[in-house]
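Undergrad: Structure here, sequence nowhere to be found:
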């Protein structure tokens, strides 16, 4: 097999690997941002990995019987080239990661203090600044999640109903120990602290039911602290709130079509 054939095979293998990592439709803005970053880094990492492996195999085959090795000759131009190339790659990784990490859907806690600099702390959900999003207040406790809807006096247990295709802010707190709201399919993860309030922000594009787990060990019932985020279209969401708009109502999520 000639050098050209080996090169073509290597390029075909690389193309196959890249094709296998093709993007799929994300179900939320959060997931889209995280997946986009992963694919950017993957497209850089795969060619580098293949390049290093080819050099490694080449060196192992060419020099495996070399009983009298000689030191590599100095090559300043080559050293400068790989140093600059490494710096460029690291800069790309840093800028790509930073652009995603500062996005309000990935790191939504642009700190509550930033949104309301006149307040150092908040005593209840009622004190939180207005986010201009559809808001849901979620309280974690051993070992359940309770969601309340401030404008409708609706409360649910272990089901967090949100409208699809809208900006949604989930304000989180805890009644006892540290919990963490984690929705893998939506790319949402935010801790809930006793006596403090944190924020998770999202836009869910596909109506459906998404599993929620607690990602912070919180006691003997930690593994059972499961819930669901139920995303429905805006009309269904408004109708569901209106049907249960009575004080202290505890209800189930609307049925998905």
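TA: Thanks, I have it. Keep in mind that what you see is a predicted model, and the values were worked out from it rather than measured. Numbers count the residues shown, from 1 in each chain.

Undergrad: Buried residues in the longest helix seen in the chain, which are they?
TA: Longest helix of the chain, by residue count under DSSP state H: helix 29-63. Residues of helix 29-63 classed as buried by neighbour count (16 or more other Cβ atoms under 10 Å): 29-34, 37, 40. Placement of C-beta: from N, CA and C, glycine included.

Undergrad: And stretch 169-184, by the same measure?
TA: For stretch 169-184, the neighbour count (16+ other Cβ under 10 Å) marks 169-174, 177, 179-183 as buried.

Undergrad: now those in JSON lines, with distance to residue 153 and pLDDT?
TA: Listed next are the buried residues of stretch 169-184 as JSON lines, based on distance: Cβ to Cβ, whole Å; pLDDT from 0 to 100:
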{"residue": "169", "distance to residue 153": "18", "pLDDT": "93"}
{"residue": "170", "distance to residue 153": "18", "pLDDT": "93"}
{"residue": "171", "distance to residue 153": "16", "pLDDT": "93"}
{"residue": "172", "distance to residue 153": "19", "pLDDT": "93"}
{"residue": "173", "distance to residue 153": "18", "pLDDT": "93"}
{"residue": "174", "distance to residue 153": "22", "pLDDT": "94"}
{"residue": "177", "distance to residue 153": "28", "pLDDT": "94"}
{"residue": "179", "distance to residue 153": "24", "pLDDT": "96"}
{"residue": "180", "distance to residue 153": "27", "pLDDT": "95"}
{"residue": "181", "distance to residue 153": "22", "pLDDT": "95"}
{"residue": "182", "distance to residue 153": "28", "pLDDT": "95"}
{"residue": "183", "distance to residue 153": "25", "pLDDT": "94"}
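
Undergrad: What about residue 214, how many residues nearby?
TA: Per other Cβ atoms under 10 Å, the neighbour tally for residue 214 reads 25.

Undergrad: residues in contact with it?
TA: Residue 214 makes contact with 140, 143, 179-182, 222, 225-226, according to Cβ atoms under 8 Å, 6 or more residues apart in numbering.

Undergrad: got the contact list for the nearest residue to residue 29 once chain neighbours are set aside?
TA: Once flanking residues are discounted, residue 29 sits nearest to residue 203: 4.3 Å by Cβ to Cβ, 6 or more residues apart in numbering. By Cβ under 8 Å, 6+ apart, the residues touching residue 203 are 28-29, 105, 165-168.

Undergrad: May I ask which two of these are separated the most?
TA: Maximum pairwise distance in the contacts of residue 203, criterion Cβ to Cβ, is 14.0 Å, between 105 and 165.

Undergrad: Compare those two and say which one has the larger neighbour count.
TA: Ranked by neighbour count (other Cβ under 10 Å), residue 105 and residue 165 place residue 105 first, with 20 against 13.
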